[in-house]
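Chemist: coordinates only, no sequence provided:
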Ligand code: DQA
C-alpha cells in the first residue's frame, strides 16, 4: 500500500513553533517516526511539506496517477479556509484521513470548522505526533490487509 503524507503550512516549524500547543517534536522527528511505523506495517510512505496551497493541490491532484491509494493530510491553517484544497480532494476522490496535532475543537472558534472533514474517512486531532500515527494505523486497517502486504 502506498500512502502520501501531506503537511501543510508552518508545519516545517514544528519543534520551535508554539511548543505549548504543538510540542517539541520536530518535523524530521515526526517523519522518522512515521516512516518507522509504516515500515513495520509494510506500507510505503512519501512525505511532503509545503507552505504553498498550490503545491498541496498539485500533490493531491497527482496522487492517484502516482499510485497512492490514500492520503494522510494535515492542511494546517488551510483546513479552515481552503475551498481549493477541498475541491482537489473532492475531484480526485482519493481516500484520506485528516489529522491535527492540536485539539482544534478546543481552540479559537475560527479553527472549529474544517473545509474537508465531511469528505474525510476520519479525523484525528489533539494527540500531537500520535495523531499522524493513529491516522496511518486507521488507513492501514481500512485497507483490509492488516498492513502486512505491500502488493495488495
Ligand atoms: C493544525 C491546526 C490548525 O488550526 C493550525 O492552523 C495549524 C496546525 C494542527 O495540526 O493542530 O497550522 O492543523
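Modeler: That came through, no problem. Keep in mind the model is a prediction, meaning the values are calculated, not measured.
Chemist: show me where the protein has its helices.
Modeler: Secondary structure of the chain (DSSP state H): helices located at 19-22, 27-41, 53-62, 83-92, 129-143.
Chemist: got JSON lines for these, with mean pLDDT, mean neighbour count and distance to residue 106 too?
Modeler: (Each C-beta comes from the backbone N, C-alpha and C, glycine too.) What follows is these, written out as JSON lines (pLDDT from 0 to 100; neighbours: other Cβ atoms under 10 Å; distance: least, Cβ to Cβ, whole Å):
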{"stretch": "helix 19-22", "mean pLDDT": "90", "mean neighbour count": "12", "distance to residue 106": "10"}
{"stretch": "helix 27-41", "mean pLDDT": "97", "mean neighbour count": "16", "distance to residue 106": "21"}
{"stretch": "helix 53-62", "mean pLDDT": "98", "mean neighbour count": "17", "distance to residue 106": "25"}
{"stretch": "helix 83-92", "mean pLDDT": "98", "mean neighbour count": "17", "distance to residue 106": "23"}
{"stretch": "helix 129-143", "mean pLDDT": "96", "mean neighbour count": "19", "distance to residue 106": "14"}
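Chemist: include distance to the ligand when you put the ones you listed into a markdown table, please.
Modeler: Listed next are the helices of the chain as a markdown table, based on distance: least, Cβ to the nearest ligand atom, whole Å:
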| stretch | distance to the ligand |
| --- | --- |
| helix 19-22 | 7 |
| helix 27-41 | 11 |
| helix 53-62 | 13 |
| helix 83-92 | 12 |
| helix 129-143 | 7 |
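Chemist: a markdown table please, covering those and showing distance to residue 113.
Modeler: Below are these laid out as a markdown table (distance: least, Cβ to Cβ, whole Å):
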| stretch | distance to residue 113 |
| --- | --- |
| helix 19-22 | 18 |
| helix 27-41 | 25 |
| helix 53-62 | 17 |
| helix 83-92 | 12 |
| helix 129-143 | 18 |
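Chemist: tell me which of the ones you listed sits nearest to residue 117.
Modeler: Comparison of the helices of the chain against residue 117 by Cβ to Cβ identifies helix 83-92 as nearest, at 9.8 Å.
Chemist: show me what the closest one is packed up against.
Modeler: helix 53-62 (3 or more Cβ pairs under 8 Å, 6 or more residues apart in numbering; DSSP states H and E).
Chemist: what distance separates the start and the end of stretch 103-116?
Modeler: End-to-end distance of stretch 103-116 (Cα to Cα, to the nearest Å): 16 Å.
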